[in-house]
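Asker: Based on what follows, work out the 3D shape:
(chains A, B, C and D)
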Protein chains: 2
Amino acid sequence: MSVNGNVEFPTRTRPTMREVAALSGTSLKTVSRVMNNEAGVTPALVAKVKQAALTLNYQPNFTASSLRRNDGKTNTIGVLLEDIANPFSAALHRAIEEVARARGVAVFAGSVDEDESREQELAAAFISRRVDGLIIVPAGHDQSYLKIEKQSGTPMVFVDRPPALLDADSVLTANFEGAKAGVEHLINHGHRRIAYLGDLETITTAVDRFSGYKDALDRAGIAFDESIVQMNLRASVDAEHVTSKILASPNPPTAIFASQNLISVGVMQALHRFGLQYSVALVGFDDVPMVELIEPGLTALVQNISGLGKAAAEMLFARIDGTNAATEHRVLDVVLRERGSGEIPGPHEK
Amino acid sequence: MSVNGNVEFPTRTRPTMREVAALSGTSLKTVSRVMNNEAGVTPALVAKVKQAALTLNYQPNFTASSLRRNDGKTNTIGVLLEDIANPFSAALHRAIEEVARARGVAVFAGSVDEDESREQELAAAFISRRVDGLIIVPAGHDQSYLKIEKQSGTPMVFVDRPPALLDADSVLTANFEGAKAGVEHLINHGHRRIAYLGDLETITTAVDRFSGYKDALDRAGIAFDESIVQMNLRASVDAEHVTSKILASPNPPTAIFASQNLISVGVMQALHRFGLQYSVALVGFDDVPMVELIEPGLTALVQNISGLGKAAAEMLFARIDGTNAATEHRVLDVVLRERGSGEIPGPHEK
DNA sequence: GACATGCCTGACAACGTTGTCAGGCATCGA
DNA sequence: TCGATGCCTGACAACGTTGTCAGGCATGTC
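Answerer: Numbering: from 1, shown residues only, chains lettered A, B, ... in the order given. Model prediction:
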């Protein structure tokens, strides 16, 4: 359906400070002073200039201003996310926006989609627009292409995944420790046969979580069993399929660790289909949206996503403000939220 | 936890075309020509310039370029969303990004949070950075403040909600027709006592959906009953509370229409708590994430969110490219997805 | 050989703004 | 009354780039 409205007015050209100066009978420079609230302009002149600006509906051109100003700041930052639309990226983005807003900084954002070349293109696009800094969730395995850019004075902070082949600030989640704590939680509830379903092995967070799983097994003296481990899962349907296969095998696990929320969803679907949701324990990394509606609730390792974004933005702005300290690597803790699925007892419960 | 890395190198100042010209022994203008792939430069010179640019790691300054160029385009657009982090906004944002990316356009985004003044601030921030156009999900009830900006030549397209007191392009969802179809679906399944839980009455989409509900009742000859209608709900807990109250009342409804996904969640929680999820029918506007896991599945009116974003971006770029046609108002259809909750029969089933 | 033609190249101005600096004017003290 | 002081104001250059235009050189034509 399509309805037509009125034809628009012909467009006038946008007024500049020069025109405001002409209308108010003063000079360009005085207009500049008034617009920047600089002290030392006669009140009468200030009023005249403001009136003229209002009459012409003058809108300052911030890009021209930052080109000329000594600090050269554009009051703009760029954020490279995995995918703007996924809940993790969106929450991160929001937390960054919050900090930026308080400083009058506008935020460019883009999706990298786990694509190395897309990462470089986006970074280049933001750099050519002279952002004051970059916050990056990297996809590729080599960020050395940013080395010269960093030396040229563009601060950058990496979030969720560390930079590779580049020395730069980062804010990460305790993936290893979190996964380990999750698996230990299952062990403490009497499980010794624990399946692991993981994400792409090219993603460092996935690798760290897997290491946490193995470490927990090691410390409990449980042998690693390949037959109940599956990496490189992406969609929840894949996880559902793998879970079904594992549950139907001769020696099925009594508990499952899901390394990521989409995987948790797939596992939950398979468990529900088999009617095993109250007999096979499940701990997942990352919360699942609307999880409150499902029974039993998902016991999950919850990341502090807004904490990641807030910390990254604050570190970035500190650099933008000129801090020249050594590279900083911050790690945020993960919280185990018990909701039922992870507390189902196993055969070895004490 | 915090680990220190190496101290960074002292920052060099970023090279300009002037320096590239000096190093390659040519003129500023020739460098400009090479960088813009203009024809008519000797291949030997092109090579020398490119080599020099590489050596200095020259990065073009797009903002300076757009200041000088005749078209004045910044190849940048601004998007005003309700809240970057909510799934609707994020999906919209993503669809817009997709279209922009194909054109080499960078996207500013910001959250308005249903706050009128925040809307104006964000718009001003983007305008002062001279975006080529704006895509807006408005919060306020008067967009006339954008009138002069529109006349100054900044194209703008409104999404999800129409502009008020301003003539501008828009892309909306068929809220009235969708809600009406959803209520009629319940009526067709034998329901005549249908509760309505709605969003803020200040939001036009909420008002339109409510009108659709009333129209469907009217046409079926069902009297409107205030006691099972509640507007101005925002959080899912509010919806849960109201649902519980209505279900416990002397003459409870046999079906419920939820005007929005958070409200659907609240209703579902209440139904599950009362054990009524298989006896009271429910149709909701908007999908609920991870809805596949819940039984019975939510029958929902699904919006074409990416269609909204894609259409808005395409309309915007058409304007940016100079199309001067009459204002266009596009409306996208809603699809009723049957998943069980809406097909529970009522007492008047034929 | 003289001249016209066309292709490359670079000098200069300009985009809209702010930094620098000098000049004008009023005020103050002697 | 005169000079010194300080406050306002505006002329000019500059940020990094592209548009305009003129000049230089080689080639082609008669």
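Asker: The lowest-mean-pLDDT helix or strand in chain A: what's the following helix or strand?
Answerer: The helix or strand of chain A with the lowest confidence, counting by mean pLDDT, DSSP states H and E, is strand A:2-4 at a mean of 38. The helix or strand immediately downstream of strand A:2-4 is helix A:17-24, counting by DSSP states H and E.
Asker: Any residue of that next one touching DNA strand D?
Answerer: No - against DNA strand D, helix A:17-24 shows no contacts by Cβ under 7 Å from any atom of the strand, the least distance being 7.6 Å. For every residue, glycine as well, the C-beta is placed using N, CA and C.
Asker: likewise stretch A:115-132?
Answerer: No - judged by Cβ under 7 Å from any atom of the strand, stretch A:115-132 stays clear of DNA strand D, getting no closer than 8.7 Å.
Asker: Can you tell me what sits against that stretch?
Answerer: Residues outside stretch A:115-132 that contact it (Cβ atoms under 8 Å, 6 or more residues apart in numbering or on different chains) are A:66, A:72-78, A:80, A:105, A:108, A:110-112, A:134, A:136, A:138-142, A:145-146, A:149, A:154-155, A:320, B:59-63, B:74, B:76, B:104, B:106.
Asker: Could I get the buried residue list for it?
Answerer: Using 16 or more other Cβ atoms under 10 Å in any protein chain shown as the test for burial, stretch A:115-132 gives A:118-120, A:122-123, A:125-132.
Asker: could those go into JSON lines alongside distance to B:Gly178, pLDDT and secondary structure?
Answerer: Listed next are the buried residues of stretch A:115-132 as JSON lines, based on distance: Cβ to Cβ, whole Å; pLDDT from 0 to 100; DSSP: H, G, I helix; E, B strand; the rest coil:
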{"residue": "A:Arg118", "distance to B:Gly178": "35", "pLDDT": "97", "secondary structure": "helix"}
{"residue": "A:Glu119", "distance to B:Gly178": "39", "pLDDT": "97", "secondary structure": "helix"}
{"residue": "A:Gln120", "distance to B:Gly178": "42", "pLDDT": "97", "secondary structure": "helix"}
{"residue": "A:Leu122", "distance to B:Gly178": "36", "pLDDT": "97", "secondary structure": "helix"}
{"residue": "A:Ala123", "distance to B:Gly178": "41", "pLDDT": "97", "secondary structure": "helix"}
{"residue": "A:Ala125", "distance to B:Gly178": "37", "pLDDT": "97", "secondary structure": "helix"}
{"residue": "A:Phe126", "distance to B:Gly178": "38", "pLDDT": "98", "secondary structure": "helix"}
{"residue": "A:Ile127", "distance to B:Gly178": "43", "pLDDT": "97", "secondary structure": "helix"}
{"residue": "A:Ser128", "distance to B:Gly178": "43", "pLDDT": "96", "secondary structure": "helix"}
{"residue": "A:Arg129", "distance to B:Gly178": "39", "pLDDT": "97", "secondary structure": "coil"}
{"residue": "A:Arg130", "distance to B:Gly178": "44", "pLDDT": "97", "secondary structure": "coil"}
{"residue": "A:Val131", "distance to B:Gly178": "40", "pLDDT": "97", "secondary structure": "coil"}
{"residue": "A:Asp132", "distance to B:Gly178": "43", "pLDDT": "97", "secondary structure": "coil"}
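Asker: So which of these is the closest to B:Arg33?
Answerer: A:Ser128 (17.8 Å; Cβ to Cβ).
Asker: For the residue of the stretch 251-350 of chain A found nearest DNA strand C, what are phi and psi?
Answerer: The nearest approach of the stretch 251-350 of chain A to DNA strand C comes at A:Gly322, 16.2 Å away (Cβ to the nearest atom of the strand). Dihedral pair for A:Gly322: phi 110, psi 0, per degrees, to the nearest 10.
Asker: Look up how far DNA strand D lies from it.
Answerer: Noted for A:Gly322: a distance of 18 Å to DNA strand D, by Cβ to the nearest atom of the strand, to the nearest Å.
Asker: How about A:Asp287?
Answerer: Distance from A:Asp287 to DNA strand D, by Cβ to the nearest atom of the strand: 45 Å.
Asker: Contacts only, for that residue.
Answerer: A:Asn261, A:Leu298, A:Ala300, A:Val302, A:Arg337.
Asker: Need the residues that contact stretch A:329-339.
Answerer: A:162, A:169-175, A:177-178, A:181-182, A:185, A:283, A:285, A:287, A:291, A:296-304, A:307-308, A:311, A:315, A:342, B:1-5.
Asker: ok, and for that stretch, which residues are buried?
Answerer: A:His329, A:Arg330, A:Val331, A:Leu332, A:Val334, A:Arg339.
Asker: Could you do stretch A:190-201 as well?
Answerer: A:Gly190, A:His191, A:Arg192, A:Arg193, A:Ile194, A:Ala195, A:Tyr196, A:Leu197, A:Gly198, A:Asp199.
Asker: Need the phi and psi values for the closest residue to the fourth one other than its chain neighbours.
Answerer: Distance criterion Cβ to Cβ, 6 or more residues apart in numbering or on different chains; nearest residue to A:Arg193, sequence neighbours excluded, is A:Pro253 at 4.6 Å. When read as degrees, to the nearest 10, the backbone of A:Pro253 gives phi -70, psi 160.
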